[in-house]
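1. this is a predicted model, with the sequence first.
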Amino acid sequence: AQRVTQPEKLLSVFKGAPVELKCNYSYSGSPELFWYVQYSRQRLQLLLRHISRESIKGFTADLNKGETSFHLKKPFAQEEDSAMYYCARLNAGGTSYGKLTFGQGTILTVHP
Amino acid sequence: SAVISQKPSRDICQRGTSLTIQCQVDSQVTMMFWYRQQPGQSLTLIATANQGSEATYESGFVIDKFPISRPNLTFSTLTVSNMSPEDSSIYLCSVDPSYNEQFFGPGTRLTVL
């Protein structure tokens, strides 16, 4: 079974500090990985996907196949970054196509 | 993109009863997904609902407990049957209209007493 692991349930940093949210996945071919975010009182939304190699709201995430990781990073955290972050993997092929497997989520709190 | 609405937004139910959750999308989509998020837990896929065919259930979920309807390309329902307190969760539907990004509904918060 494909697995996504986020080892930190809670992460606290101060405003302006760098932040890294960890995500590891079980190896299987070429994964498609995403980071989803849920701000307080808002619905779950896509933050970024690895295939587009984009930076959204200052966040980046690099796929490291050797370490099977897809950590989310931001050099200078802002208070508005406080949210729940989920790493997710797209299941590809057969009857599993289109399904997402989510990690356990990390609650990020950025203190002023 | 896709905009999804869910009804009800929350409900409190008695054990042994059933609740039907509705999911409406503002565009036609092939696949709709139903997830459960138990308190303090991650999202777990319940089933995939395709229009015109039976829903495909994930391991640990069965049609008798979570019957799903998909009458057209913009609407689906999930019923939580014979509820127990363990069914207290947030239930979310999602769609992936272009096969590269899932859009989620606001969720239905269910409490079973």
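-> Nice, thanks for sending it over.
2. can you report phi and psi for the residue nearest the centre of chain B?
-> The centre of chain B sits closest to B:W34, judged by C-alpha atoms, centre = their mean, with a distance of 3.6 Å. Main-chain dihedrals, B:W34, degrees, to the nearest 10: phi -120, psi 130.
3. go on, A:I51?
-> According to degrees, to the nearest 10, A:I51 has phi -70, psi -20.
4. chain center to stretch B:22-42, what's the gap?
-> Centre-to-centre, stretch B:22-42 and its host chain are 5 Å apart (C-alpha atoms, centre = their mean, to the nearest Å).
5. next, count neighbours for A:V110.
-> 20 (other C-beta atoms under 10 Å in any protein chain shown). Using the backbone N, CA and C atoms, a C-beta is placed for each residue, glycine as well.
6. assumed it was part of a helix.
-> No: in this structure, A:V110 is strand, not part of a helix, as judged by DSSP: H, G, I helix; E, B strand; the rest coil.
7. please enumerate the helices of chain A.
-> Using DSSP state H, no helices are found in chain A.
8. where does pLDDT dip in it?
-> A:1, A:92-97 (pLDDT under 70).
9. chain B contacts on that one?
-> A:34, A:43-46, A:49, A:51, A:86, A:95, A:98-105 (C-beta under 8 Å from any C-beta of the partner chain).
10. can you flag the buried ones in those residues?
-> Neighbour counting with 16 or more other C-beta atoms under 10 Å in any protein chain shown marks A:34, A:44, A:46, A:49, A:86, A:98-105 as buried within these.
11. and stretch A:86-105, end to end?
-> 4 Å (C-alpha to C-alpha, to the nearest Å).
12. do the same with stretch A:46-65
-> 22 Å.
13. stretch A:102-112 now?
-> End-to-end distance (C-alpha to C-alpha), stretch A:102-112: 29 Å.
14. what do you get for stretch A:39-54?
-> Using C-alpha to C-alpha, the two ends of stretch A:39-54 sit 20 Å apart.
15. just stretch A:64-71 next, same as before
-> 9 Å.
16. got a list of contacts for it?
-> Here stretch A:64-71 makes contact (C-beta atoms under 8 Å, 6 or more residues apart in numbering or on different chains) with A:20-27, A:33, A:35, A:50, A:61-63, A:87.
17. so which strand or helix has the nearest residue to B:F75 once chain neighbours are set aside?
-> Excluding the flanking residues, the one nearest B:F75 by C-beta to C-beta, 6 or more residues apart in numbering or on different chains is B:Q24, at 5.6 Å. Assigned by DSSP states H and E, B:Q24 belongs to strand B:19-25.
18. which elements pack onto that strand?
-> strand B:4-7, strand B:31-37, strand B:75-80, strand B:89-95, strand B:108-112 (3 or more C-beta pairs under 8 Å, 6 or more residues apart in numbering or on different chains; DSSP states H and E).
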